[in-house]
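>>> Have a look at this fold, sequence not included:
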């Protein structure tokens, strides 16, 4: 980390360091083994072999076949290829898609793009814990519905969605299930058959792999139009020379998770529960956002009555604690989180929210530091606030 | 390189090693300085500063303003964003574009995509040296023409196009000039104002930077529709969390070129001329493809009567010499090069072609090795060929 030794990073949801073991695996491919898989000579063959093996590693982790995994430049491109690519290719089957209100901001924007291009989009509301209601989802399905998008878990409040139940409900309906798994990577099973997912975007960095790489799981038989036109790489679905060092890195990141994920999830869950218990106990008028049980092991999300999230973030920053107030990709806009609003929070409640997300390099001392600093900062800010009254 | 010490790599056009100085610059950003520029805390601020400085470095190298440079996942995405993004956004101005027959295969495929989507595309033929004819280009311009695409140089035969003259001809016509500069990166000036280019895709790897990153120069006032929808990064033109380590690497690669390019081009030109002179002198019935003078300093491209390029490539591979027969992105298809056909070559002549491209880690001994091996292999293959007769 670039901050001083005492700094505590609790914003793993918005960016993760690349695991040093992943960096080590990538390094030979930067300078020495730099070939293009399209070349016919030995350097190119080495790249082709490496590409095949990396794809197998990633596919195995998902319980998928190698031919069902396409590498992209990141989760955003994967979601674009999945949703826009499916909608454009299958327009004749229907012009209606359904998305959950919990979806990542990028998927909301993709849905708006489709609306501008003649598609109908329905949105499924969330309950107060951020879960979608299955009956309401069912009620939005029409004859023209071709795709449903429900993320595996919220990248903001950490609520986990009942993906398997949704897939079971869709069975035999000819509707494709798109599940953005990015927030859940490294925390929940991504077994595509067990879950019944047809299209699943992934981010390499969310596995502690390099940035600038993603993948899309595409169930066999699911036809997409490409988003990027060019040399026809990735069976025509994703043109552009393959980013070999990053692909090797993503595969290594997946291997590491295969060995360590269960223990790591237990460890993070312990930290999370200590954070939640500690703050709810010690800070008055503090509430947990998201679901009390069905939540990611890494996610603790609070709201503090009478406080602006931005002030809280900046004061904690002075204390060497790095946190987020909303979703990483829109936090600089200062708009209230669409997910919190969809859970029924008022604007001022949403604005008073704090997201703590744990990860691989957090230790127990980070939890101690957060439990020490946050109550103090909240209390200081409330003392300055003309709006906050302790006994209300 | 992954091959033995004696291996000679002469296929820099299809893939370049990342310069070790670039790798060194990237490393701190993989694990320690891993922030997301969208985050509001100190780790995020560090990323924002780094992003701004890197963009300035790249822009300065092009004589452009930082706001005119957008980072993408590579040259393919940049070309898509430039051509499809411009066509879709400016459709009301006209539905006609012109491309040169020399364009990279990805741009030919983008043009076909636009044709399927209701645009008209005209193609400008090449002379025998691979240059476009300005009068023929002028003759293809209509009232409905909104964009002309002529690459700076051929990624196959190395012929350099008269970009400045094309830009002068277009002046005041309201037609945007798109110039794919990838093949020329590190070899020719990319001064966008001097050349009069409006849209210019770049590849980081073509500067000896990391893969999986590209940029697009967009002249101020040129409006594009985005290709990837999402969190709205890069002023809405390219959503997706920024690939910071790669962006830092591309900026470092550009800095190195700023210092070394002139000397390196002279050095490579010397090697190239020795290759061309040596092979034309020592191998009978051998011809240079492309322009004798207006060609990239790194490119030597030959055809040998009576020989199959694939056999030549495979035999040279056995000799430890790595070369290409056509364009990197389509070489595994074994189709004849569209550029050579456009220069008027017969299919069998195109198939008998060999592309040698030089780069940063070539030394004089590589030229010696090539001059020794190629005549021998050509002579062996001709001895086996029922078609080749020495005295014809």
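Perfect, thanks for sending it. For clarity, every value in this text was computed on a predicted model and none was experimentally measured.

>>> Let me see the residues that make contact with the worst-scoring helix or strand of chain A on mean pLDDT.
Every helix and strand of chain A was ranked by mean pLDDT, DSSP states H and E. The lowest is helix A:347-351, at a mean of 83. Contacts to helix A:347-351, defined as C-beta atoms under 8 Å, 6 or more residues apart in numbering or on different chains, come from residues A:303, A:305, A:308-310, A:325, A:336-337, A:340-341. Any C-beta I mention is one placed from the backbone N, CA and C, and that applies to glycine too.

>>> Among the residues you listed, name the ones in strands.
residue A:303 (DSSP state E).

>>> got the contacts of helix A:347-351 as CSV, with neighbour count and pLDDT columns?
Converted to CSV, the contacts of helix A:347-351 look like this (neighbours: other C-beta atoms under 10 Å in any protein chain shown; pLDDT from 0 to 100):
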residue, neighbour count, pLDDT
A:303, 20, 92
A:305, 20, 91
A:308, 16, 85
A:309, 25, 84
A:310, 15, 84
A:325, 24, 77
A:336, 20, 79
A:337, 25, 85
A:340, 28, 90
A:341, 16, 89
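
>>> Which ones, among the contacts of helix A:347-351, also lie beside chain B?
A:310, A:325 (C-beta under 8 Å from any C-beta of the partner chain).

>>> and residue A:129, helix, strand or coil?
coil (DSSP: H, G, I helix; E, B strand; the rest coil).

>>> What separation do you get for the nearest residue in space to it that is not next to it in sequence and residue B:213?
Among residues not flanking residue A:129 along the chain, residue A:291 sits closest, at 4.0 Å (C-beta to C-beta, 6 or more residues apart in numbering or on different chains). Per C-beta to C-beta, to the nearest Å, residue A:291 is found 38 Å from residue B:213.

>>> Between the two, point out the one with more neighbours.
Neighbour count, other C-beta atoms under 10 Å in any protein chain shown: between residue A:291 and residue B:213, residue B:213 has more, with 31 against 22.

>>> quick one: contacts for the more buried one?
A:212, B:71-74, B:203-205, B:243, B:246-247, B:249-250.

>>> Now do the strands in the stretch 51-200 of chain A.
Secondary structure of the stretch 51-200 of chain A by DSSP state E, counting those that start in this stretch: the strands cover A:69-72, A:96-100, A:120-124, A:145-149, A:176-178, A:199-203.

>>> which helices and strands does the last one pack with?
Okay, so that is strand A:199-203. For strand A:199-203, the elements it packs on are helix A:75-79, strand A:176-178, strand A:214-218, judged by 3 or more C-beta pairs under 8 Å, 6 or more residues apart in numbering or on different chains; DSSP states H and E.

>>> Can you list the neighbours in contact with that strand?
Against strand A:199-203 from outside (C-beta under 8 Å, 6+ apart): A:58, A:62, A:72, A:74-75, A:78-79, A:82-83, A:86, A:147, A:176-182, A:185, A:190, A:192, A:213-219, A:222.

>>> just the strands in the stretch 201-350 of chain A please.
A:214-218, A:286-288, A:299-304, A:321-322.

>>> Which among the ones you listed is found nearest to residue A:386?
strand A:299-304 (15.8 Å; C-beta to C-beta).

>>> Could you name the helices and strands sitting against that closest one?
Under the contact definition 3+ C-beta pairs under 8 Å, 6+ apart, strand A:299-304 sits against helix A:244-282, strand A:286-288, strand A:353-357.

>>> wait, which of the ones you listed is closest to chain B?
helix A:244-282 (5.2 Å; C-beta to the nearest C-beta).

>>> Next, the buried residues of the closest one.
A:244-257, A:261, A:264-265, A:267-269, A:271-272, A:274-276, A:278-279 (16 or more other C-beta atoms under 10 Å in any protein chain shown).

>>> Filter those residues to keep only those in contact with chain B.
Answer for these near chain B (C-beta under 8 Å from any C-beta): A:244-246.

>>> okay, the residues you listed in CSV with pLDDT and distance to residue B:380 next?
Below are these laid out as CSV (pLDDT from 0 to 100; distance: C-beta to C-beta, whole Å):
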residue, pLDDT, distance to residue B:380
A:244, 95, 33
A:245, 96, 37
A:246, 97, 41
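
>>> Mind putting those into CSV with distance to residue A:12?
Output for these, formatted as CSV (distance: C-beta to C-beta, whole Å):
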residue, distance to residue A:12
A:244, 27
A:245, 23
A:246, 20
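
>>> Cool, thanks, talk later.
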